[in-house]
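> what follows is a predicted structure for the sequence shown.
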Amino acid sequence: MLRAGLPRLGLCLALALLAQGRYNHLEGDVRWRRLYSATRFFLRLDGAGAVAGTRWREAPSNIVEIRSVHVGVVAIKSVHTGFYLAMNKKGKLYGSRAYNPNCKFKERIEENGYNTYASLRWRHQGRQMFLSLNGKGVPRRGDKTRRQHLSTHFLPMVVS
């Protein structure tokens with residue numbers, strides 16, 4: 001479908017870039033958010049690097065910087081403590097002072113409007129391991145999680 005006013009060469013170049021999967025304009029995006037779980041907890045990275053959930057909306061450690069590192073891949077960093085959210089080989093969530101491959105998560109918007117975050121590096125028996133807070137606000141190990149579990153669903157709330 002050609003649009004009037006678009007040169008044929010420009011359209012061909014745009015289609016070629018889309019076919020190659022180049023979305024460089026989406027990389028490097030930075031968002032400040034509070035991640036609110038479907039289990040009614042805010043994700044928190046404390047000063048010791050521990051990951052937990054809290055019901056206190058205004059806690060400074062709730063504010064995270066979600067930085068796009070590749071298309072669909074993000075790094076999550078606590079603005080207050082400076083720790084990056086990371087997941088180890090066993091699926092345990094922790095805070096890392098330095099950015100490393102354990103800090104990369106695949107961000108996906110689910111059909112219900114919530115986002116899920118799966119470790120880019122680690123899998124358990126071929127299955128993705130997800131960021132998750134259980135009904136008590138305690139992080140679940142990634143090997144115990146599935147995309148369908150409500151504990152893995154998060155709403156990125158704009159910081160005001």
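On my side now, so go ahead.
> helices of this protein, start to end?
Counting by DSSP state H, one finds helices in the chain at the ranges 8-20.
> name the helices or strands packed onto the longest strand along it?
Taking DSSP state E as the criterion, the chain has its longest strand at strand 115-124. Here strand 115-124 touches strand 73-78, strand 84-87, strand 104-109, strand 127-130, strand 154-158, going by 3 or more Cβ pairs under 8 Å, 6 or more residues apart in numbering; DSSP states H and E. Using the backbone N, CA and C atoms, a C-beta is placed for each residue, glycine as well.
> what's the most buried one of those strands?
strand 84-87 (a mean of 26; mean count of other Cβ atoms under 10 Å).
> which residues touch that strand?
Residues outside strand 84-87 that contact it (Cβ atoms under 8 Å, 6 or more residues apart in numbering): 43, 45, 51, 64, 75-78, 93-100, 102-103, 105, 119, 121-122, 129, 131, 142.
> just the buried residues from the residues you listed, in PyMOL please.
To isolate the buried subset of the contacts of strand 84-87 in PyMOL, counting by 16 or more other Cβ atoms under 10 Å, use the following:
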select buried, resi 43+45+51+64+75+76+77+78+93+94+95+96+102+103+105+119+122+129+131+142
